[in-house]
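A.B. asks: pasting a predicted model and its sequence here:
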Amino acid sequence: MKNLLSKEIIYQLLAEVPDPEIPVVNIIEMGMVRDVNLNSDGVEVFLCPTYTGCPAMDMIDTMVKEKLAENGFVNTVVTLVYKPAWTTDWMNAATKEKLRVFGIAPPVGKASSKKGMMNQEMVACPQCKSTNTQIKSMFGSTACKSLYTCTDCLEPFDYFKCI
């Protein structure tokens, strides 16, 4: 029972670790935390990067270890997992709404369907909600985003690719 309780506490603490590139969401909301194991040596946190080669992973590793150490879990190992590959399908509606309010168009559709992967022309502007938008570059502020502009309000914005 103690292990389960400690695992719940660790998940609560990990929910306090923001995504360094999108500080309005945390690594739990992003679906990056795949599992947590407790053993006599400490804690192992299994993280799945949102994008292969994501430059934020070193910072997230450090932030996870610091957050857990601050709360008495001093022997923490962060293990990256790549299978199954991270997908935007792991984000829930509340997380996607946080992205939109922050100014990032959330992923459209499901990554598990071809329609979700090809539905980029239906990307809504996070500012005015118009779908009268155009892709400007396949890569935005980070590799997991594309750069769009809205032809109604004329604002540029990032779209979190449906992957």
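C.D. replies: Cool, the structure landed. Residues are numbered from 1 along each chain as shown.
A.B. asks: skipping adjacent residues, who's closest to the most centrally placed residue in the chain in space?
C.D. replies: Centroid-nearest residue in the chain, with C-alpha atoms, centre = their mean: M30, separated by 3.2 Å. Using C-beta to C-beta, 6 or more residues apart in numbering and skipping residues adjacent in sequence, the residue nearest M30 is D19, 5.4 Å away. Placement of C-beta: from N, CA and C, glycine included.
A.B. asks: same check, this time on D152
C.D. replies: S130 (4.1 Å).
A.B. asks: you'd agree that neighbour is in a strand?
C.D. replies: No. Using DSSP: H, G, I helix; E, B strand; the rest coil, the assignment for S130 is coil, not a strand.
A.B. asks: check contacts around it.
C.D. replies: A124, C150, T151, D152, C153 (C-beta atoms under 8 Å, 6 or more residues apart in numbering).
A.B. asks: does the third one touch N132 like I think?
C.D. replies: Yes. If you go by C-beta atoms under 8 Å, T151 and N132 touch, sitting 4.8 Å apart.
A.B. asks: list the contacts of I28.
C.D. replies: Contacts of I28 by C-beta under 8 Å, 6+ apart are Y11, L14, A15, V17.
A.B. asks: if you set the cut-off to 6 Å instead, what comes out?
C.D. replies: L14, A15 (C-beta atoms under 6 Å, 6 or more residues apart in numbering).
A.B. asks: touching, G31 and W90? I think so.
C.D. replies: Yes. Counting by C-beta atoms under 6 Å, G31 touches W90, with 2.8 Å between them.
A.B. asks: from C128, how far off is E155?
C.D. replies: Using C-beta to C-beta, to the nearest Å, E155 is found at 8 Å from C128.
A.B. asks: could you list the low-pLDDT ranges of the protein?
C.D. replies: 1-5, 113-121 (pLDDT under 70).
A.B. asks: quick one, helices of it?
C.D. replies: 2-14, 57-70, 93-102, 114-118 (DSSP state H).
A.B. asks: domain ranges for the protein?
C.D. replies: In terms of domains, the chain is parsed into 2-80, 91-160 (source: automatic domain parsing).
A.B. asks: first-to-last residue distance for the shortest one?
C.D. replies: In this case it means domain 91-160. End-to-end span of domain 91-160 (C-alpha to C-alpha, to the nearest Å): 11 Å.
A.B. asks: what is the distance between that domain and the centre of its chain?
C.D. replies: On the basis of C-alpha atoms, centre = their mean, to the nearest Å, domain 91-160 sits 14 Å off its chain's mean C-alpha point.
A.B. asks: same thing with the first one?
C.D. replies: Taking C-alpha atoms, centre = their mean, the mean C-alpha location of domain 2-80 is offset from the chain mean by 13 Å.
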